[in-house]
Structures are given as C-alpha cells and as structure tokens.
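Student: need the 3D shape of this:
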Amino acid sequence: MKIALIAHDKKKSLMIDLCKEFEDVLAKHNLFATGTTGKLIMEETSLVVTRMASGPLGGDQQIGSLVAKEEIDMVIFLRDPLTAQPHEPDVSALLRLCDVFNIPLATNYRSAHIMLSAIKVGHL
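Tutor: Sure, this is the predicted structure:
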C-alpha cells in the first residue's frame, strides 16, 4: 500500500507519535510525506519515507498529483483547523482529490489511528 503522511506544524508531534505506535505496520508499506514531516518521521523512527517538497512549497500539490495518478492508496493528513494556512487552497485541492478518487483520508489522530489499526488486523 502507498500511504501519504502529512502534518501541519502544530500536529507534527502527533504524527511522530502515530508513526512510532504503528511503526511495524507502516514499515510494510511505501510511505510518502511532505518535506519536514518526512524528515521528522525518518529522524524519530526507522521508517523510510519518500519526501516531497514542504507543504507550502508545493508538497501538498505533489501528493495530490500522486492521488490523481492513482499512485496513493491512503492519505493521513493531520490538519490544524485552528490556524490559518497560507497554502489552504492546496490543502483543499488535495482533500477534494481524495474524494474524487475515493482515497481513504484521515484528517485527525483518531481517524488515522482507526485506519492504521484496520490495516494492522488485515481489514484494509
């Protein structure tokens, strides 16, 4: 499975926690991430991540392109709904593409946890 991992700045520590908790599951899949998120995941875990640009510098669009080419199977995007993002149109476009291409999308820790738990027990 090809899984994209994205986290806004205030959610990066949650993404690291999630990746540590599910490291054994994630290690069996091809991981993609926006720049800083991918760097932090690789520094804090033994996971190998293909890094895109930082989100504000086009990383969200790069992941969106992979979604549109049907090269991503799942997106975990831990969003910060309380902070305005300068690249909000890119974020909205990525979320829309996930809906258009019927890609499972988790936008918060609990939904990501449920999806990764389902993979762990073989239900996804």
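Student: please identify the helix or strand for M115.
Tutor: helix 109-120 (DSSP states H and E).
Student: just give me how far that helix sits from the chain centre.
Tutor: 12 Å (C-alpha atoms, centre = their mean, to the nearest Å).
Student: do stretch 27-46 as well
Tutor: 9 Å.
Student: how far does it stretch from start to finish?
Tutor: 8 Å (C-alpha to C-alpha, to the nearest Å).
Student: can you pull the contacts of I3?
Tutor: 26, 29-32, 72-76 (C-beta atoms under 8 Å, 6 or more residues apart in numbering). C-betas here are computed from N, CA, C, even on glycine.
Student: mean confidence score for the helix or strand hosting K20?
Tutor: Using DSSP H and E, K20 sits in helix 12-21. Averaged over helix 12-21, pLDDT sits at 98.
Student: what does the helix or strand just after that helix rub up against?
Tutor: Remark: after helix 12-21, the chain's next helix or strand is helix 23-26, criterion DSSP H and E. For helix 23-26, the surrounding residues in contact (C-beta under 8 Å, 6+ apart) are 3, 19, 45-47, 116, 119-120.
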